[in-house]
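Trainee: with the sequence up front, the predicted model follows.
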Amino acid sequence: MVIDCHVHLNKYHHEANAPTEVHLERLRDQMTKYNLEHVMVLTSYTVNPERPSVEQVAELINGDPRILLVEGIITQNDRPTDLHALEERLKTGRVRGLKIYPGYEHAYPSDRAFHDAYGLAAKYRVPVMMHTGDTYSAKAKIKYSHPINVDEVCVDYPDVNFVLCHLGNPWLRTTAEIIYKNHNAYTDISGLVLEEFEAKMEAWMKQQVGDLLLYSGEPDRILYGTDWPLVRMGPYLKFVDDLELDPEHKALLLRENAIRLFRIEGAATEPRAKRHNVEAPPTSSAENEPSPS
Ligand SMILES: [Zn+2]
């Protein structure tokens, strides 16, 4: 079984006219086809006809325990995130993580605009995912999405787990260092291509992901995600197969790391041995306390 921690119900290109319900049905079909146990649906940094709000998505999901919600934080828009409403969604478990979009919102991860969201993430022990690396929109600014900026918030918010989405691509070496150094830094492998891999690109990416795993140590903080529907699910699972990980490490990447990080109920994992090269995480850290709720 596999957990895809990074999918969207936004409408891109050709699918733009179909209602969100249709996208959700397509997602459920994909889950069945590829044997996905859970998916995390990430909402956007803005709400418009192509990008449904967290309320809309929550209503459509309607408590389906296989589909979990990660709320995109909106700070630069005329309809910023209502933090009280967000707290309610965290309290009830409707929202299982937050997502910030520094490159798209032209704000560093350390910007005060995100401070209160980080406080809620610490209080409810949910991770903060963030877009890092190259951006999908030419209007975004990559100085804000460079993975080097995540070190600062990892240090300043030690009780929050941060996920550098997309491996910080193309700055995978920087991402390797961030997750090597900071016990509260994770990364996901989503969105490395659009649609599917071209052979040369796939070989290059495999090499780089191998290097990242080698440098950062045991793969206990790397997550499987696709960025569907921007990426096709079949080629992505094949990409992971081709990484030639040993079965234990493959299970961590495809499933168990996500279970620990998002505290997904009903799924037990073995406790992980502490790595030799990091300080012990604080006791409030989510990764120490697997799934009481
Ligand atoms: Zn994405």
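Mentor: Right, received. Where do you want to start? All values derive from a computational prediction rather than experimental measurement.
Trainee: every contact and neighbour count from this point should use C-alpha atoms.
Mentor: Fine.
Trainee: can you give me the strands in the stretch 1-150 of the chain?
Mentor: All strands of the stretch 1-150 of the chain, identified by DSSP state E, counting those that start in this stretch, fall at 2-7, 36-42, 67-72, 95-100, 128-131.
Trainee: can you get me the start-to-end distance on stretch 241-260?
Mentor: This stretch, stretch 241-260, spans 22 Å end to end (C-alpha to C-alpha, to the nearest Å).
Trainee: strand partners (parallel or antiparallel) of the helix or strand containing Tyr186?
Mentor: Assigned by DSSP states H and E, Tyr186 belongs to strand 185-188. Strand 185-188 has the following sheet partners, assigned by DSSP bridges: strand 162-165 (parallel), strand 222-223 (parallel).
Trainee: want to try a markdown table for these, with mean neighbour count as columns?
Mentor: Shown next, in a markdown table, are the strands paired with strand 185-188 (neighbours: other C-alpha atoms under 10 Å):
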| stretch | mean neighbour count |
| --- | --- |
| strand 162-165 | 28 |
| strand 222-223 | 28 |
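Trainee: for Val193, find the nearest of those.
Mentor: Nearest to Val193, of all the strands paired with strand 185-188, is strand 162-165, at 13.0 Å by C-alpha to C-alpha.
Trainee: re earlier: distance to Trp204 and mean pLDDT added to the strands paired with strand 185-188, as CSV?
Mentor: Output for the strands paired with strand 185-188, formatted as CSV (distance: least, C-alpha to C-alpha, whole Å; pLDDT from 0 to 100):
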stretch, distance to Trp204, mean pLDDT
strand 162-165, 19, 98
strand 222-223, 18, 98
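Trainee: want to throw these into CSV with distance to Gly72?
Mentor: Formatted as CSV, these follow (distance: least, C-alpha to C-alpha, whole Å):
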stretch, distance to Gly72
strand 162-165, 13
strand 222-223, 18
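Trainee: Glu196: which of the ones you listed is closest?
Mentor: Across those, closest to Glu196 is strand 162-165 (C-alpha to C-alpha), at 17.7 Å.
Trainee: who touches that closest one?
Mentor: Residues outside strand 162-165 that contact it (C-alpha atoms under 8 Å, 6 or more residues apart in numbering) are 127-132, 147, 150, 154, 175, 184-190.
Trainee: ditto for stretch 41-58
Mentor: The contact list for stretch 41-58 (C-alpha under 8 Å, 6+ apart) reads 5-12, 16, 20, 67-75, 77, 94, 99-101, 104-105.
Trainee: quick check on these: which are buried?
Mentor: Neighbour-count burial (16 or more other C-alpha atoms under 10 Å) applied to these gives 5-11, 20, 67-75, 94, 99-101, 104-105.
Trainee: on that earlier part again, the strands paired with strand 185-188: which one's closest to Gln30?
Mentor: Smallest distance to Gln30 across the strands paired with strand 185-188 (C-alpha to C-alpha): 18.8 Å, for strand 222-223.
Trainee: can you list the weak-confidence ranges in the protein?
Mentor: Within the chain, the ranges that satisfy pLDDT under 70 run 14-16, 266-293.
Trainee: show me which helix runs longest in it.
Mentor: If you go by DSSP state H, the chain has its longest helix at helix 199-216.
Trainee: what residues of stretch 50-67 count as buried?
Mentor: Residues of stretch 50-67 classed as buried: 50-54, 57-58, 61, 66-67 (neighbour count, 16+ other C-alpha under 10 Å).
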